[in-house]
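Asker: let's see this in three dimensions:
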Amino acid sequence: MGTRPSTFLISVLCLGIAFLYLPMAALVGYSFNASALASVWGGFSTQWYVALLHNRQVLSAAGLSLEIAVLASTGALVLGTLAATALVRFRKFRGRLLLTGMVNAPLVMPEIITGITQLLLFVSMLQLIGWPARGVTTVVLAHIAFCTAYVTVTVQSRLQSADRSLEEAAMDLGATPFRAFMDVTLPIIAPALVSSWLLSFTLSLDDLVISSFVSGPRSSTLPMVIYSKVKLGVSPDINALATLIIAIVGSCVLVAGYLVRRGERQRLADAQLAAG
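Answerer: Predicted structure coming up:
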C-alpha cells in the first residue's frame with residue numbers, strides 16, 4: 001500500500017503552485033481592468049484587447065518573433081540532432097571532447113556573455129566578408145546557436161536509451177544505414193524531437209538579452225518591445241498581450257503533451273505486439 005502524502009508536503013506543494021501561478025492569475029485579471037492603473041480596479045472591460053489589435057508596433061514585433069522562433073527552432077533541431085547522433089553513435093573521433101564542450105557551454109554561459117561574444121563575431125564577419133548585417137538574420141543565427149545545445153542534450157539522452165538492435169535488424173533485412181535510421185530510429189526519438197523543438201521555440205520567443213545585442217534598427221522582437229514599454233511603467237495593453245501569450249502557450253503545451261503521450265503509448269503497444 002502506498003503511503004499518503006503528509007499535510008506538510010501538500011502545503012509546500014500548494015505554496016509552490018501559488019507562487020508560480022498567482023502572479024499570472026493577477027495579470028490575467030488586470031488585463032480586463034477598465035482603468036489604466038494597475039493598482040485601481042475600474043470595472044470589467046475588454047478595451048485593452050481592442051487597443052492591442054490596433055497596436056501595429058506590437059503586432060509587427062509579435063509576427064517577427066514568431067518567424068524568428070520557427071526558423072531558429074527548426075535550424076537548431078537539424079543541427080542538434082546531427083550533433084547528438086555523432087556523440088552517441090561515434091564513441092571515438094578526433095574532436096569529440098571539443099564538440100561535447102561546445103554543446104554544453106551555452107547551457108551554463110550567462111546570456112550577457114553570449115550576446116557580447118556573438119555581437120563581436122557578427123561585427124568581425126561584417127568587416128571581413130560583408131555579411132551578415134545586424135538584423136533578422138543575425139538574431140536567427142544567434143538563437144540557433146544557443147538553442148542547438150538544448151536540442152543536442154535532449155535528443156542525445158533519447159538516442160542513448162533507444163534499442164540499437166532494431167536498426168541493426170533493419171539493415172540485416174537490406175535497408176541502408178540512412179533508411180534504417182529514418183524508418184526505425186527516427187520514429188523512436190520523435191517525442192524527443194518534438195519536445196526539443198518546442199523548447200527551442202519557447203527559448204527563442206522569450207529571449208531578450210541576446211536579441212538586444214545582435215538585433216538591428218528594424219528587427220525588434222516582441223520581448224524587446226514589451227521591455228521598452230514596461231520599464232517606465234505597466235502598460236495595460238501589454239497585460240492583454242501577456243494573457244494571450246499565456247493562453248496560446250498553455251494550449252500548445254497541452255496539445256503537445258497529449259500527442260507525445262499518445263505516441264508513446266502507441267510505441268509501447270507496438271513493442272508488446274511484436275514481442276508477443
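
Asker: quick check: W131 touching M125?
Answerer: Yes - in this structure W131 lies within contact range of M125 using Cβ atoms under 8 Å: 6.5 Å. All C-beta spots, glycine's among them, are computed from the backbone N, C-alpha and C.

Asker: would you mark the buried spots in stretch 198-218?
Answerer: Taking 16 or more other Cβ atoms under 10 Å as the neighbour-count basis, stretch 198-218 is seen to contain the buried residues 198-205, 207, 210-215.

Asker: stretch 179-188 now?
Answerer: Within stretch 179-188, the residues that qualify as buried by neighbour count (16+ other Cβ under 10 Å) are A180, F181, V184, T185, I188.

Asker: how much space between the last one and R265?
Answerer: In this case it means I188. 14 Å (Cβ to Cβ, to the nearest Å).

Asker: T154 - how many residues pack around it?
Answerer: For T154, the tally of surrounding residues (other Cβ atoms under 10 Å) stands at 23.

Asker: determine the longest helix present in the chain.
Answerer: Among the segments of the chain that qualify as a helix by DSSP state H, the longest is helix 236-275.

Asker: and that helix, what does it pack against?
Answerer: helix 7-30, helix 47-53, helix 56-89, helix 190-206, helix 222-230 (3 or more Cβ pairs under 8 Å, 6 or more residues apart in numbering; DSSP states H and E).

Asker: in it, what counts as buried?
Answerer: If you call a residue buried by 16+ other Cβ under 10 Å, then helix 236-275 has these buried ones: P236, D237, I238, N239, A240, L241, A242, T243, I246, V260.

Asker: which of the residues you listed lies at the shortest distance from L22?
Answerer: Minimum distance to L22 across those is 13.2 Å, recorded for I246 (Cβ to Cβ).

Asker: so that closest one touches V28, yeah?
Answerer: Yes - under the contact definition of Cβ under 8 Å, I246 touches V28, with a separation of 6.9 Å.

Asker: remind me which residues of the stretch 101-250 of the chain are low pLDDT?
Answerer: When residues are selected by pLDDT under 70, those of the stretch 101-250 of the chain lie in 232-234.

Asker: returning to what we had before: adding secondary structure and distance to S220, write the buried residues of stretch 179-188 out as JSON lines.
Answerer: As requested, the buried residues of stretch 179-188 are exported to JSON lines (DSSP: H, G, I helix; E, B strand; the rest coil; distance: Cβ to Cβ, whole Å):
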{"residue": "A180", "secondary structure": "helix", "distance to S220": "46"}
{"residue": "F181", "secondary structure": "helix", "distance to S220": "41"}
{"residue": "V184", "secondary structure": "helix", "distance to S220": "45"}
{"residue": "T185", "secondary structure": "helix", "distance to S220": "41"}
{"residue": "I188", "secondary structure": "helix", "distance to S220": "41"}
